[in-house]
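K.L.:
I need the structure of the sequence given here:
(chains A, B and C)
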Amino acid sequence: MPELPEVETYRRFIDELAVGQTIAALQVNDAHVLATPEDQLRAGLVGRAISGTSRLGKNCFLELDNGQVLVLHFGMTGDVGAYRDEPDAPRFTRVALHLEESGLRLAFIDPRKFGRIRLAESAAAHQKAKKIGPDALAITAAELHQKLARRKTLLKPLLLDQSITAGLGNWIVDEVLFQAKIHPERLGTTITEKEGNALHAAVQLVLTTAIKQEANYRHLPASFLIHAREWDTSATPTSDDAHTFCPRHPKVKIDKAYVGGRATYTCPKCQPAPASAK
DNA sequence: AGTATTGTTGAAGT
DNA sequence: GACTTCAACAATAC
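P.N.:
You can find the predicted model right below:
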């Protein structure tokens, strides 16, 4: 789940729940998700107030009153929640922050445990340490184009590369490429300035639309490719495969292929394959 | 039972 | 050094 729109939605939730609160205790149910040793994390958190939140790509920051930040990365299946009493803890709560004033517990939920929690000196320090590029909502069209154009690699893996721009994940990259009408196997070096602008506009459109819907993909417009993804089939097991057709071409079936090792959906008509693609 | 999965990292190969 | 491919991580769902 957690691509940029989910993380932004989580951040807003945390912001409402936790800003102004003091951390009374750190509860660790599974140390596997800790990227900072538990003792060190506890020493850095307990007694501190949460002064604000921010986000960079798929990273969510809880700003502490001493300038340090608690960095939350949600991996593939991370989520946040809140509860008051332990029996009500969401399933797969791996870590919980006990909040002093409200008495609530902020849960870091992650079934697959690919997510990570760490303490960092600042958001900027974390960005540098992890080589994270500009946020996908903040990067300019010129910078995006310039970064893509000097790389002789398939476009899709480039857009997934968090050091180029941060926040795009597998589903959103497909959506962006569909909206921009560009094939995922184009090489970065072949992207024209005009196409760069189209990509930038598509990134903005997809992200702002998804955030507006609080990352509930089922509520995205019918013009979005995402409805062709297979998770929609399970919701309507008896239905035909109408959803596997291009939103712009009712007769054209959406292609599924693997690009850069990741499942990739495209419209063969909207997104012509480059001559080099096999 | 076998397959798939939204993210990231590192190793090994070209 | 640039790039590609693959495995690993862990758990669930179909």
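
K.L.:
Identify the residue nearest the residue of chain A found nearest DNA strand B in space, chain neighbours excluded?
P.N.:
Distances between chain A and DNA strand B by Cβ to the nearest atom of the strand are smallest at A:Gly169, namely 1.8 Å. Just so you know, the C-beta spots here come from the backbone N, C-alpha and C atoms, and that holds for glycine as well. Once flanking residues are discounted, A:Gly169 sits nearest to A:Glu3: 3.5 Å by Cβ to Cβ, 6 or more residues apart in numbering.

K.L.:
Provide the partner residues of the residue nearest to A:Ala89 when sequence neighbours are not counted in its beta bridges.
P.N.:
Once flanking residues are discounted, A:Ala89 sits nearest to A:Tyr83: 5.3 Å by Cβ to Cβ, 6+ apart. On the basis of DSSP bridges, A:Tyr83 is bridged to A:Arg105.

K.L.:
returning to what we had before: over to the residue nearest to A:Gly169: give its phi and psi.
P.N.:
Dihedral angles phi and psi of A:Glu3 (degrees, to the nearest 10) take the values phi -100, psi -170.

K.L.:
can I assume it is in contact with A:Val173?
P.N.:
No: using Cβ atoms under 8 Å, A:Glu3 is not in contact with A:Val173; the gap is 9.0 Å.

K.L.:
Look up how far A:Ile50 lies from the residue nearest to A:Ala89.
P.N.:
To A:Ile50, A:Tyr83 is 18 Å away according to Cβ to Cβ, to the nearest Å.

K.L.:
For those two, indicate the residue with more neighbours.
P.N.:
With neighbours defined as other Cβ atoms under 10 Å, A:Tyr83 and A:Ile50 compare such that A:Ile50 has more, 23 against 15.

K.L.:
Read off the pLDDT value for the nearest residue to that one once chain neighbours are set aside.
P.N.:
Distances taken as Cβ to Cβ, 6+ apart put A:Ala18 closest to A:Ile50, at 4.9 Å, once the chain neighbours are dropped. You'll see A:Ala18 listed with a pLDDT of 97.

K.L.:
okay, now A:Ala18: neighbour count?
P.N.:
By other Cβ under 10 Å, the residues close to A:Ala18 number 22.

K.L.:
tell me the strands in the stretch 1-150 of chain A, going along the chain?
P.N.:
Under the criterion DSSP state E, counting those that start in this stretch, strands of the stretch 1-150 of chain A are mapped to A:23-28, A:50-56, A:59-64, A:69-73, A:79-83, A:93-99, A:105-109, A:116-120.

K.L.:
tell me the mean pLDDT for the second one?
P.N.:
Confidence over strand A:50-56 (mean pLDDT, whole number) is 97.

K.L.:
Alpha carbons only: can I get that strand in CSV?
P.N.:
Extracted in CSV, the C-alpha atoms of strand A:50-56 (Å, rounded to 0.1, in the frame of the first residue of the first chain):
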residue,chain,number,x,y,z
ILE,A,50,6.2,15.7,19.3
SER,A,51,6.4,19.1,17.8
GLY,A,52,5.3,18.4,14.2
THR,A,53,5.3,16.1,11.3
SER,A,54,6.7,16.1,7.8
ARG,A,55,7.1,13.8,4.9
LEU,A,56,9.7,13.1,2.2
